[in-house]
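> Next input, structure requested:
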Amino acid sequence: MIIDDDADIITTFKAAIEDGNNGNYINKRIEVYTSNDSVVALSDFKPNFYDLLLVDINMPHMNGFELSEKILAIDINVRICFMSSAEINRKALREIYPSLTICCFMRKPMTIDYLLKQIRSELD
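Next up, the predicted model:
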C-alpha cells in the first residue's frame, strides 16, 4: 500500500510497481493499494493483508510516523518503508517515537529502479 498525499507520486509509484511485477524486479505478484490521506489509510487498513506499506512522512492530519504507530498497534508484522524529501534526524526521531523501529527509509526523489529494488529487498 502506498500512502502519500502527493497524487503524482502515488500514480507514478503504483504504475512502476505494477510494471515491476511483470519484469525481473519483484519476485512475487503483488496488488498495489493506495491512499492519499493518512486518516483514510488508517480506517481502511486491514491487518494481515498488506505485505508492505510505503508511507510518506510529511502528510496533513497525521504524519507517517503517527500513522505507522497506529498501524503497528493493529498489525505488528506489517513491514513499513518510510519516504520523505526532507532530511531526517534519526536520533531526534527515536526520542519522539521510542517504540517505532525504522528499518527502511527512502529519500525522495528516487529513481524507479531504486524504488523497485527496495521493494524487492523488503519482500524477499
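> Run through the residues that contact the residue lying closest to residue 109 once chain neighbours are set aside.
Spatial nearest neighbour of residue 109, chain neighbours left out: residue 85 (7.0 Å); criterion: CB to CB, 6 or more residues apart in numbering. Placement of C-beta: from N, CA and C, glycine included. Shown in contact with residue 85 (CB atoms under 8 Å, 6 or more residues apart in numbering): 58, 107, 108, 109.
> Out of those residues, name the ones that lie in strands.
Among the contacts of residue 85, the members found in strands (DSSP state E) are residue 107.
> What is the nearest of the contacts of residue 85 to residue 91?
residue 107 (17.4 Å; CB to CB).
> Which residues are in contact with the closest one?
83, 84, 85.
> same deal with residue 41?
1, 3, 35, 67.
> my guess is the second one meets residue 54, correct?
Yes. Using CB atoms under 8 Å, residue 3 makes contact with residue 54 at a distance of 6.9 Å.
> Compare the contacts of residue 41 and tell me which is most surrounded.
residue 3 (27 neighbours; other CB atoms under 10 Å).
> Distance-wise, check that residue relative to residue 124.
22 Å (CB to CB, to the nearest Å).
> now residue 122: how far from residue 95?
From residue 122 to residue 95 the distance is 26 Å (CB to CB).
> The two: which has the busier surroundings?
residue 122 (16 against 9).
> related to what we said a few turns ago, could you dump the contacts of residue 85 to JSON lines with distance to residue 19?
Formatted as JSON lines, the contacts of residue 85 follow (distance: CB to CB, whole Å):
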{"residue": "58", "distance to residue 19": "27"}
{"residue": "107", "distance to residue 19": "22"}
{"residue": "108", "distance to residue 19": "19"}
{"residue": "109", "distance to residue 19": "18"}
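> For residue 106, give its distance to residue 47.
Residue 106 is 24 Å from residue 47, by CB to CB.
> ok, these two, which is more surrounded?
residue 106 (15 against 11).
> leaving aside the residues next to it on the chain, what's closest to that one?
Excluding its sequence neighbours, the residue lying closest to residue 106 (CB to CB, 6+ apart) is residue 83, at 4.9 Å.
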